[in-house]
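**Student:** Let me see the structure of the following:
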Amino acid sequence: MLQRVIAIKNVGRLRNSAAAPNPSFSKHTLVFAANGYGKTTFCTVMRSVQSGDPAPLLGRTTLGAENAPDIDLLFSDGNRRFQNEVWSATAPNVSVFDGVFVAE
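**Tutor:** Prediction:
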């Protein structure tokens, strides 16, 4: 289970999420915000860590960013890091219910 986002850097609108406090997650977490605040980008991150596929993240690299995407997520069984275009481990039990889920 995802407990906390430590950092998401250079993915879409999320230049550096570590700059602001990141809340803890519970078993069922609803993410909502106005348009343009990174909800779809966050869903892409979660879907990528679930499958281990880096392509969706690389396609959402922040425009003008000097560094590659860098992500650190804290799960109940340890961290999952995305560095050098690869995940340290996957999280196959993650479920994302978004527009992609509905379309599939």
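
**Student:** If I look at the nearest residue to A33 once chain neighbours are set aside, what pLDDT would I see?
**Tutor:** On the basis of C-beta to C-beta, 6 or more residues apart in numbering, the spatially nearest residue to A33 that is not a chain neighbour turns out to be K39, at 5.8 Å. (Glycine included, C-beta is placed from N, CA and C.) With respect to pLDDT, K39 has a value of 90.

**Student:** and if you look at F32?
**Tutor:** Listed pLDDT for F32 reads 86.

**Student:** Could you list the low-pLDDT ranges of this protein?
**Tutor:** Within the chain, the ranges that satisfy pLDDT under 70 run 19.

**Student:** how about 80 then?
**Tutor:** Low-confidence segments of the chain, defined by pLDDT under 80: 18-21.

**Student:** all strands for it, in order.
**Tutor:** Read by DSSP state E, the chain holds these strands, from start to end of the chain: 2-11, 14-16, 70-75, 78-83, 86-87.

**Student:** Of all the ones you listed, which one is nearest P54?
**Tutor:** Between P54 and the strands of the chain, the tightest spacing by C-beta to C-beta is seen for strand 86-87, at 6.3 Å.

**Student:** Pull the distance from that closest one to the chain's centre.
**Tutor:** Here strand 86-87 is found 12 Å from its chain centre; the criterion is C-alpha atoms, centre = their mean, to the nearest Å.

**Student:** How about stretch 4-11?
**Tutor:** 7 Å.

**Student:** Adding mean neighbour count and distance to A34, write the strands of the chain out as JSON lines.
**Tutor:** Written out in JSON lines, the entries for the strands of the chain read as follows (neighbours: other C-beta atoms under 10 Å; distance: least, C-beta to C-beta, whole Å):
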{"stretch": "strand 2-11", "mean neighbour count": "19", "distance to A34": "18"}
{"stretch": "strand 14-16", "mean neighbour count": "16", "distance to A34": "15"}
{"stretch": "strand 70-75", "mean neighbour count": "19", "distance to A34": "23"}
{"stretch": "strand 78-83", "mean neighbour count": "16", "distance to A34": "26"}
{"stretch": "strand 86-87", "mean neighbour count": "14", "distance to A34": "29"}
